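Enquirer: Give me the fold of what follows.
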Amino acid sequence: MKTLSVLPLLVASWSIAALPTGCSSDSGGGDTQRLCTPGNFVYCRCADLSEGTKRCADDGQSFDECACAPVDDTGGPEPDTFTPPEDVAVDTSLPDTGPPKNDTCPGQTLAVDPTKELTLSADTSLAGADYAGATGACAVGTGPEHVYALIPTGTGSMTVKVTGKGTMDPTVYLRETDCATGPQLRCGETTGAAGVETFSQNVVTGRTYWLFVDGKAGSAGAYDLVVSLKTGGFCGDNKVESPEACDDGNKTSGDGCGPDCSPQGDPASGGTCPGVSVDVWPGKTVTFTGATNAYADSYKASSPCAFGTSPDRVYAITAHQTGTLKVKLDADFNAGLYARQAPCATGTQLACVNAVTTSGPGIENLSFAVTDGKTYYLFVDGSSGAKGSFTMTIGW
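Expert: Numbers count the residues shown, from 1 in each chain. As a prediction, this is how the structure comes out:
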């Protein structure tokens, strides 16, 4: 029998795997859905991770063993010695493209557009089993998988739907930050063979999200993938929209803006200008806590308020309505409160209050006129070195 080199075989294997007739349903009108087309050869992965071919059985529901090249002493294929099956047509007109881009990280890059659904069909039978879902339901995803690097072209809610075919029991999960090791955002593993897994995830335009189409307990096979995007703002998209008081693009607690997009914690940024950002919307009230203990005495009120020799906190208040802004400060120390217009450190003082002159606790109330869209700077200070904790409420 005539021997051929490895390269033409690899060309043939990839050529055959790329044909659309590689896996299809019964076209003869029967009720049984085929896993593949009888007699067709497709790409398969050998033990040494090289490429081989395997033949679809006559029943269309299984494959023969993967035909691989012999190996040399190093475990690699011996050149120019592998003889492919006689009925594999070697097509040298097509290039050897190597493994598909969706077999491993970083995956196949796909743009997700809000104007149209992203749809595709594929088969994981030829892929490697390189990854698994995080602890929980998706940890059972240990079959061969496909990886897609999804990049939304708009901010909003992205919906993923994977439908398994035949014996394929899909396990689907989504990661961010890093393809192979990033945190898992979503997991879909609720159905069995030929099941449908779906979930939605808020996404930010231009960011990359890695989607893994895996198989439960080693399951592999054909599937359909549909990804859609509905644009719209949400907490965590790094854009402040009503009724959010802040939005720093993450769900981290204690960094000044909490997971629910309300002020939270005492970040170092509040120790100096321009301070911690707080947005106040029409008809909305913002309440949060803070403390001055760990900060320096950086600013002082001007006349008629004669306080400001204590540690202070700074807040950048953006008004989304023209009118009178009302601030209530409930402190456990002798606190003072004053407001400035821009610039933060040297702007004109608009109002100040230090009505409670005892050592505290006490409540201070401050009101001042604001214009829609402008930012004002609110300082929580103390008298004669006083410092402590407080609760602040801002509204109309």
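
Enquirer: The closest residue to residue 195 other than its chain neighbours: how many residues sit nearby?
Expert: Distance criterion CB to CB, 6 or more residues apart in numbering; nearest residue to residue 195, sequence neighbours excluded, is residue 164 at 5.4 Å. (Glycine included, C-beta is placed from N, CA and C.) Residues lying near residue 164 (other CB atoms under 10 Å) number 26.

Enquirer: for residue 323, same thing?
Expert: Going by other CB under 10 Å, the residues that sit close to residue 323 add up to 12.

Enquirer: who touches the closest residue to it other than its chain neighbours in this structure?
Expert: Once flanking residues are discounted, residue 323 sits nearest to residue 396: 6.0 Å by CB to CB, 6+ apart. Applying CB atoms under 8 Å, 6 or more residues apart in numbering to residue 396 gives the contacts 280, 282-283, 285, 321, 323-326.

Enquirer: Apply 7 Å and report the result again.
Expert: 321, 323, 325-326 (CB atoms under 7 Å, 6 or more residues apart in numbering).

Enquirer: ok, now residue 331?
Expert: 360-362, 388, 390.

Enquirer: top of these by neighbour count?
Expert: Counting by other CB under 10 Å, top hit in these: residue 390 with 23 neighbours.

Enquirer: tell me which element it is part of?
Expert: Element membership of residue 390 [criterion: DSSP states H and E] is strand 389-395.

Enquirer: Mind listing what's buried along that strand?
Expert: For strand 389-395, the neighbour count (16 or more other CB atoms under 10 Å) marks 389-390, 392, 394 as buried.

Enquirer: What of stretch 223-238?
Expert: Buried residues in stretch 223-238, counted by 16+ other CB under 10 Å: 223, 225, 227-229, 233-237.

Enquirer: end-to-end on it?
Expert: 35 Å (CA to CA, to the nearest Å).

Enquirer: ok, residues contacting that stretch?
Expert: Contacts of stretch 223-238 (CB under 7 Å, 6+ apart): 112-114, 117-122, 150, 152, 154-165, 168, 170, 202, 204, 213, 239, 241, 244, 247-251, 260-261.

Enquirer: which of the residues you listed are buried?
Expert: Buried residues within those, counting neighbours by 16+ other CB under 10 Å: 112, 114, 118, 122, 150, 152, 154-165, 168, 170, 204, 213, 244, 247-248, 261.

Enquirer: Mind jotting down where the helices sit in this protein?
Expert: Secondary structure of the chain (DSSP state H): helices located at 6-18.

Enquirer: domains for it, by residue range?
Expert: 1-98, 108-231, 256-395 (automatic domain parsing).

Enquirer: Rounded mean pLDDT for the strand holding residue 390, please.
Expert: The average pLDDT for strand 389-395 rounds to 97.

Enquirer: Could I get the CA-only coordinates of that strand as CSV?
Expert: Taking C-alpha atoms only, strand 389-395 is exported to CSV below (Å, rounded to 0.1, in the frame of the first residue of the first chain):
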residue,chain,number,x,y,z
SER,A,389,-18.5,58.7,62.9
PHE,A,390,-21.6,60.1,61.2
THR,A,391,-24.6,59.4,59.1
MET,A,392,-25.4,61.8,56.3
THR,A,393,-28.7,62.2,54.4
ILE,A,394,-28.9,64.3,51.2
GLY,A,395,-32.2,65.1,49.4
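
Enquirer: Output the contacting helices and strands for that strand.
Expert: strand 276-280, strand 286-291, strand 323-331 (3 or more CB pairs under 7 Å, 6 or more residues apart in numbering; DSSP states H and E).

Enquirer: Who are the contact partners of residue 361?
Expert: Here residue 361 is in contact with 331-332 (criterion: CB under 7 Å, 6+ apart).

Enquirer: I'd like the distance between it and residue 231.
Expert: Per CB to CB, to the nearest Å, residue 361 is found 47 Å from residue 231.

Enquirer: Then residue 342?
Expert: Residue 342 is 32 Å from residue 231, by CB to CB.

Enquirer: next one: residue 238
Expert: 15 Å.

Enquirer: excluding its backbone neighbours, what's nearest residue 150?
Expert: residue 209 (4.8 Å).

Enquirer: Name the residues linked to the one you found by a beta bridge.
Expert: For residue 209, the beta-bridge partners are residue 150, residue 176 (DSSP bridges).

Enquirer: Please name the residues that touch it.
Expert: Contacts of residue 209 by CB under 7 Å, 6+ apart are 150, 174, 176, 203.

Enquirer: swap in residue 145?
Expert: Going by CB under 7 Å, 6+ apart, the list of residues near residue 145 reads 124, 127, 129-131, 212-214.

Enquirer: so where is the stretch 251-396 of the chain shaky, pLDDT-wise?
Expert: 357-360 (pLDDT under 70).

Enquirer: mind listing what the residue nearest to residue 244 when sequence neighbours are not counted touches?
Expert: With sequence-adjacent residues excluded and distances taken as CB to CB, 6+ apart, residue 244 is closest to residue 261, at 4.0 Å. Applying CB under 7 Å, 6+ apart to residue 261 gives the contacts 235, 244-247.

Enquirer: mind running it again at 10 Å?
Expert: Neighbouring residues of residue 261 by CB atoms under 10 Å, 6 or more residues apart in numbering: 234-237, 240-241, 243-248, 251, 279.
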